[in-house]
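S.K.: Dropping a prediction and its sequence here:
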Amino acid sequence: MYNDAKKIIQQYHDKQEIYRSLKDDIEDICSRIISTHRFRISNMSIRIKTEEALLKKITYKNKYQDIDEITDVVACRIITLFEDDVDEIFKCIQDTFEVVEVNDKRKKNYEDRIDFGYNSLHILVKFNEERCQLIEYADYKNIVFELQIRTTLQHSWAEIEHGLGYKSQYEIPKEIRRRLTRLAASLELLDEEFVSIAKDVEEYNKGIVHIEKILKTDINVNSLVQYVNTSPKINNLLESLHSQYQFRFERDSELISQSRLIQRFHYMGYTYINELDDFVEDHKKEIEWICRERVENLKEKHVLNIYHILNWISLVILAKVGSSDPEDIFSRDVIDKIHDWTSSANETVS
């Protein structure tokens, strides 16, 4: 056994350059799979086993004679946000690599588990013959690597499970095992509910593509985005700004959250899109004036995020409401300036 271990460790060192190259190629291919199919992931990590961990495994298993028999020298873990993406990513892996073995620990009956708790999808894969005929992948021909796919909840469970220090359900006192089993089942229900909510959100977004539908919707991130995209009033104003300043428009909806626009509108009494739209209709001249005033400060950038217009509408509303802000969404200086701007606007447009 000592000679086998010594041989394997030497092979491990001899193949370090290959392992590093393999790690980079796995990361590149998996990243392209994720981006192409727009999978919603939390994290992807790839590691090469340390010499210490490898030696420990060789000693503990006492069965390996060659480095290529060890299937997790290189390992990749993909953590998804939603359970249904686990299976979709697996389908892509099957299309891309040769799958050697599948161990789906998610689907086992809790009564039949050898490993307790809430686990993930474990796959052993390698580069297929077609890829290995290419010179850049030729060195990977006999290397099997491990791929784990799990959700964030499954990963959190695994981390806690590891922290408890138990390796098997048989090591755990019966009462504690019962509690852990209940928790594991609850996490499975949570994963299923998150998938259901994600689908409902997708259907909701599909349903608010027409202005008539949007106007009846409460003010939230999605409805504000759709309102700016579809409102004739907003788009006419944007076109007018574009004609005068020749901006290149961009659409970065992160501005809505960063500017706390939903809180602004709710604080000032606007909770539905139709209420906001009525205000825009009644105060078109003031909004147009303040938009031009603000655009003057941006014209050197030659680009305009279209969602800035929501910011400027909120400023006109603030000037009309004229009350203090308990959440400090607006500073006193901003409020005073808005009053000055709208006063000037009223004088200009009257």
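M.R.: Perfect, thanks for sending it. Numbers count the residues shown, from 1 in each chain.
S.K.: got the residue ranges for the strands in the stretch 101-250 of the chain?
M.R.: All strands of the stretch 101-250 of the chain, identified by DSSP state E, counting those that start in this stretch, fall at 121-126, 145-151, 248-250.
S.K.: Same check on the stretch 251-350 of the chain?
M.R.: Per DSSP E, counting those that start in this stretch, the stretch 251-350 of the chain carries strands over the ranges 303-305.
S.K.: any weak-confidence spans in it?
M.R.: Under the criterion pLDDT under 70, the flagged ranges of the stretch 251-350 of the chain are 298-301, 322-350.
S.K.: repeat for the chain
M.R.: Residue ranges of the chain with pLDDT under 70: 1-3, 107-118, 162, 165-172, 204-211, 298-301, 322-350.
S.K.: Domain map for it?
M.R.: Listed by automatic domain parsing, the domain ranges of the chain are 2-195, 211-349.
S.K.: could you redo the ones you listed as CSV and give each row distance to Glu202 and mean neighbour count?
M.R.: Where you see a C-beta, it was placed from the backbone N, CA and C, and this is true even at glycine. Output for the domains of the chain, formatted as CSV (distance: least, Cβ to Cβ, whole Å; neighbours: other Cβ atoms under 10 Å):
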stretch, distance to Glu202, mean neighbour count
domain 2-195, 11, 15
domain 211-349, 10, 16
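S.K.: would CSV of the strands of the stretch 101-250 of the chain with distance to Asp24 be doable?
M.R.: As requested, the strands of the stretch 101-250 of the chain are exported to CSV (distance: least, Cβ to Cβ, whole Å):
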stretch, distance to Asp24
strand 121-126, 16
strand 145-151, 13
strand 248-250, 33
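S.K.: Out of the ones you listed, which gets nearest to Lys56?
M.R.: Lys56 lies closest, by Cβ to Cβ, to one member of these: strand 145-151, at 16.3 Å.
S.K.: Sheet partners, orientation included, of the closest one?
M.R.: Note on strand 145-151: by DSSP bridges, its sheet partners are strand 74-80 (parallel), strand 121-126 (antiparallel).
S.K.: With distance to Leu237 as extra columns, can I get these in CSV?
M.R.: Formatted as CSV, the strands paired with strand 145-151 follow (distance: least, Cβ to Cβ, whole Å):
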stretch, distance to Leu237
strand 74-80, 41
strand 121-126, 50
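S.K.: nearest to Glu52, of the ones you listed?
M.R.: Nearest to Glu52 among the strands paired with strand 145-151 is strand 74-80 (15.5 Å), distances taken as Cβ to Cβ.
S.K.: Alpha carbons of that closest one, as CSV, please.
M.R.: Extracted in CSV, the C-alpha atoms of strand 74-80 (Å, rounded to 0.1, in the frame of the first residue of the first chain):
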residue,chain,number,x,y,z
VAL,A,74,-10.8,17.8,-9.8
ALA,A,75,-14.3,18.7,-8.7
CYS,A,76,-16.9,21.3,-9.6
ARG,A,77,-19.9,22.5,-7.6
ILE,A,78,-22.7,24.5,-9.1
ILE,A,79,-25.2,26.1,-6.6
THR,A,80,-28.5,27.1,-8.2
